[in-house]
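Asker: Sharing a sequence plus its predicted fold:
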Amino acid sequence: MGARAGVYRFSTAFIGEDYRPVEDVYIEVDDRGYISSIGRGSAGPGVRAEGVAIPAPIDAHVHTGDYALAGAGLSLRLEDLVAPPDGLKHRLLASMGPEELELSISGAISYLRSTGSAAAADFREGGLAGVLAARRASSRAGYRLLILGRPGADGSFEEVLRASDGLGLSSPLDHMDSLRAMMSSAASYGKIFAAHVAETRRSRETGDLEAVLEAGPPAPGFIVHGTFLSEDDLMALADARVGLVACPRANSFFSGARPPIAAALRAGVELALGTDNTGWIAPDMWREMEAALRLLRSQDPALADPRRVLRAATLSGARVLGMDRVGIIGEGWLANVVVLDESVISPSVDPLSAAIIRGGPGHIRSVISGWGA
Ligand SMILES: [Zn+2]
């Protein structure tokens, strides 16, 4: 499924930043993978307009190495299961050989691709070796995996940074002595700096948000979870122009907590979505979008708008990851498009709501990747 220059016709496409449904649309893609024009009109002779075009999701937070750990430690608490260095996940990852790890990462990539996610940001454990395993797996698959490493026993953070697309820390509190140097090095390389923040009440109370905000400038590109951030914290994030990647299903699974996504939107934070630990949460952004819509409705019914959810899963994901002209179907934008069965939106009262609630890998006809991946 590479980038193919040409004209694509759809019975409906969700166009522009407001995702308005437009019927009988054609989209022309140039040889660099960008949309050169969009127009209306019936399909030409012999070309039947088929399917519903929707921007392809971007999974802004996964751990691909976990894929092979599916089902482990279901009765354990969050800390005992996934917290480094002694959580069960980290002991199991440490016992994997390089080939086994690469196989796990490849499995996660195949799953991401089968759900139509155009790209994913992988918070890679295992130091330099972990980064290199993800690089091999993603290159072989030809998949757009942004690899955010963390220092391990086998390399300094500079070495990890040089080999990766940036740093993705488990917690800033683990690196207080070098946090400032990590953030300024990432900025000088033009790479991403991100960290898990406020996933637990304890980490928030220990000051993980202050740690990343006060170590800058530069500010981090984004933080992940923010489950226990207050309204004031969210205002501080918005002021510092730091994105938030929320993972509603992971929070629900690991601790029953609910990230404050409605408050984040009200504060003006750039809110993206991620699926987190692939061993326990399927890396499927359709399920994440549905969960986010449900959560928004429960936190603030006035914000229960599928446009907000799709934006979080597409444009905002691209923005927090530093991708330009990615995330909507529009002229001059990269042609990352998922084509769904028409039955997903028909019949319906609001086609976009229907697409978010009913969409998923079982209803994907094809995927167009502007990256050719
Ligand atoms: Zn995570």
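Answerer: Cool, the structure landed.

Asker: Do you have the strands of the stretch 101-250 of the chain handy? List them.
Answerer: Using DSSP state E, counting those that start in this stretch, the strands found in the stretch 101-250 of the chain span residues 119-123, 144-149, 166-169, 192-197, 222-225, 243-246.

Asker: List the buried residues for stretch 165-176?
Answerer: Along stretch 165-176, these residues count as buried under the neighbour rule (16 or more other C-beta atoms under 10 Å): Asp165, Gly166, Leu167, Gly168, Leu169, Ser170, Ser171, Pro172, Leu173, Asp174, His175. (Each C-beta comes from the backbone N, C-alpha and C, glycine too.)

Asker: got the strands of the stretch 101-250 of the chain as CSV, with distance to Arg4 and mean pLDDT columns?
Answerer: Shown next, in CSV, are the strands of the stretch 101-250 of the chain (distance: least, C-beta to C-beta, whole Å; pLDDT from 0 to 100):
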stretch, distance to Arg4, mean pLDDT
strand 119-123, 18, 98
strand 144-149, 17, 98
strand 166-169, 30, 97
strand 192-197, 29, 97
strand 222-225, 32, 98
strand 243-246, 31, 98
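
Asker: As TSV, the ones you listed with distance to Leu69 would be great.
Answerer: Formatted as TSV, the strands of the stretch 101-250 of the chain follow (distance: least, C-beta to C-beta, whole Å):
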stretch	distance to Leu69
strand 119-123	15
strand 144-149	18
strand 166-169	18
strand 192-197	18
strand 222-225	19
strand 243-246	21
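
Asker: Tell me which of these lies nearest to Gly372.
Answerer: When those are compared by C-beta to C-beta, strand 144-149 sits nearest Gly372, at 9.6 Å.

Asker: Could you give the separation of the closest one from the chain centroid?
Answerer: 11 Å (C-alpha atoms, centre = their mean, to the nearest Å).

Asker: now what about it, what contacts it?
Answerer: With contact meaning C-beta atoms under 8 Å, 6 or more residues apart in numbering, strand 144-149 is reached by 64, 109, 118-124, 127-128, 130-131, 134-135, 137-138, 160-161, 163-168, 192, 194, 321, 369, 371, 373.

Asker: One more: stretch 259-270?
Answerer: Defining contact as C-beta under 8 Å, 6+ apart, one finds that stretch 259-270 is touched by 222, 225-227, 229, 231, 234-235, 237-238, 241-244, 246-248, 251, 271, 292, 295-296, 299-300, 303, 308, 312, 316, 319-320.

Asker: Mind doing that once more with 7 Å?
Answerer: With C-beta atoms under 7 Å, 6 or more residues apart in numbering as the test, stretch 259-270 has contacts from 225-227, 229, 231, 234-235, 237-238, 243-244, 246, 248, 251, 271, 292, 295-296, 299-300, 303, 308, 316, 319-320.

Asker: gap between the nearest residue to Leu148 once chain neighbours are set aside and Gly190?
Answerer: Nearest residue to Leu148, sequence neighbours excluded (C-beta to C-beta, 6 or more residues apart in numbering): Gly168, at 2.9 Å. Applying C-beta to C-beta, to the nearest Å, the value for Gly168 to Gly190 is 16 Å.

Asker: any low-confidence regions in the stretch 251-373 of the chain?
Answerer: Scanning the stretch 251-373 of the chain with the threshold set as pLDDT under 70 gives 373.

Asker: repeat that with 90
Answerer: Of all residues in the stretch 251-373 of the chain, those with pLDDT under 90 make up the ranges 372-373.

Asker: For the stretch 201-350 of the chain, just list every one of the helices.
Answerer: For the stretch 201-350 of the chain, the helices defined by DSSP state H, counting those that start in this stretch occupy 201-205, 208-215, 231-239, 248-255, 261-267, 285-299, 306-313, 315-320.

Asker: mind listing what the residue lying closest to Val320 once chain neighbours are set aside touches?
Answerer: Leaving aside its chain neighbours, Val320 sits nearest to Gly243 (3.4 Å; criterion: C-beta to C-beta, 6+ apart). Contact partners of Gly243, counting by C-beta under 7 Å, 6+ apart, are Gly221, Phe222, Glu270, Ala272, Ser316, Arg319, Val320.

Asker: Please report how far the nearest residue to Ser104 once chain neighbours are set aside lies from Arg258.
Answerer: Distances taken as C-beta to C-beta, 6+ apart put Ala68 closest to Ser104, at 3.7 Å, once the chain neighbours are dropped. Applying C-beta to C-beta, the value for Ala68 to Arg258 is 29 Å.

Asker: For those two, indicate the residue with more neighbours.
Answerer: Ala68 (20 against 15; other C-beta atoms under 10 Å).
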